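Novice: fold the following for me, if possible:
(chains A, B, C and D)
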There are 2 protein chains.
Amino acid sequence: MSSDMSGWATGRLLSTAARLAEHAWDAHLARWDLNHAGFAVLHLLGGAPRSQRELAQAVQVEDQTMSRVLDRLERHGHVCRARSTTDRRRVEVSLTRAGRTALEEASADDAAEALLGAAAGDLPALRAQLIGMIGDLSARRWTPSG
Amino acid sequence: MSSDMSGWATGRLLSTAARLAEHAWDAHLARWDLNHAGFAVLHLLGGAPRSQRELAQAVQVEDQTMSRVLDRLERHGHVCRARSTTDRRRVEVSLTRAGRTALEEASADDAAEALLGAAAGDLPALRAQLIGMIGDLSARRWTPSG
DNA sequence: GCACAATGGTCAGCCTGCTGAGGGAACGTA
DNA sequence: TACGTTCCCTCAGCAGGCTGACCATTGTGC
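Specialist: Numbering: from 1, shown residues only, chains lettered A, B, ... in the order given. The predicted structure is shown next:
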């Protein structure tokens, strides 16, 4: 049944694996009205409030995308947006009490991570390769002298 | 500058790497009015015409998604859709002459694959891990006794 | 002080993914 | 022949990515 993937481009392999991982992850997070994108933001916000741009850069996403992810998080009450008093261009984003609870509960039960661990033979090796790859590709993308 | 990704969930690493790979790939394919999704379809169609459902299953995507990818390919003249004469439920998809040309030209210059090769330390190992992972996760998703 | 950049967010629009719902064609069985 | 089921595709709507264009605020230089 499973097609022969040896002829697939590596990019397609990455995309497919990522979609499957997101799907498993989202199924787990739906309990808290969350998904993979929102969860990553809550995770960052666990430490301290941040501006939207800081969040966007931390998760390697455009500002506009972060804006809409925050719309959804705000709509579901996980997050609170407030114009900065010192610099009124900035929007300070912070966890609500409900958001912190969701973050803690969702983090405690990391079934999805366990699933990936089982699916990937050598998880640390895979992670190391992905991290190296992201570093290389994102440098190529975000620096002028690509 | 590059944030510390050691705390990232593996799913997020996969998504980020996949997006960066898609971005590089798309930049290369834009010359032919193509993107990563459309290219995968053309690649499959290189052998022989297929029905939409066959294409969807081959690239592990829902039928509705494939339908829209084909809309775009058709609009740009890469592909031709024709109702099957033997089974009028089916739609036979085939390459146009322009589509075949685009496929051949885009395949010849595989700069994006080379880029990924350079970014990933050990490309064959990465590919092997991804293929294993896709097999495992997609079995979990698409079979009843997940 | 004022014109002009740089910075931080948003709006609009496109693309790929998903789910849910529905329509038309083919097939089984009564 | 008629009916229900299955199969294949499409429409509608949501979400996360992206680009391009725009607005408000802040900072800079003359």
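Novice: quick one: is the lowest-mean-pLDDT helix or strand in chain A near chain B?
Specialist: Least confident element among the helices and strands of chain A, by mean pLDDT, DSSP states H and E: helix A:111-119 (a mean of 85). Yes. Helix A:111-119 lies within reach of chain B by C-beta under 8 Å from any C-beta of the partner chain, at A:Ala112, A:Glu113, A:Leu115, A:Leu116, A:Gly117, A:Ala118, A:Ala119. Every residue, glycine included, has its C-beta placed from N, CA and C.
Novice: which of those lies closest to A:Leu44?
Specialist: A:Glu113 (17.2 Å; C-beta to C-beta).
Novice: I'd like the distance between the spatially most central residue of chain A and B:Trp32.
Specialist: Geometric centre of chain A, nearest residue: A:Ala40, 3.7 Å, by C-alpha atoms, centre = their mean. To B:Trp32, A:Ala40 is 34 Å away according to C-beta to C-beta, to the nearest Å.
Novice: again, but for A:Ala139
Specialist: Relative to B:Trp32, and taking C-beta to C-beta, A:Ala139 is found at 27 Å.
Novice: can you pick out the residue with more neighbours from these two?
Specialist: Neighbours per residue (other C-beta atoms under 10 Å in any protein chain shown) separate A:Ala139 from B:Trp32, with B:Trp32 holding more: 19 against 14.
Novice: picking up where we left off before, what comes into contact with the least confident helix or strand of chain A?
Specialist: Around helix A:111-119, the neighbours that count as contacts under C-beta atoms under 8 Å, 6 or more residues apart in numbering or on different chains are A:21, A:24-25, A:27-29, A:123, B:9-11, B:132-133, B:136-137, B:140.
Novice: show the subsequent helix or strand relative to it.
Specialist: helix A:123-142 (DSSP states H and E).
Novice: hmm, A:Gln129 is touching B:Leu123, no?
Specialist: No. With contact defined as C-beta atoms under 8 Å, A:Gln129 and B:Leu123 do not form a contacting pair (9.1 Å).
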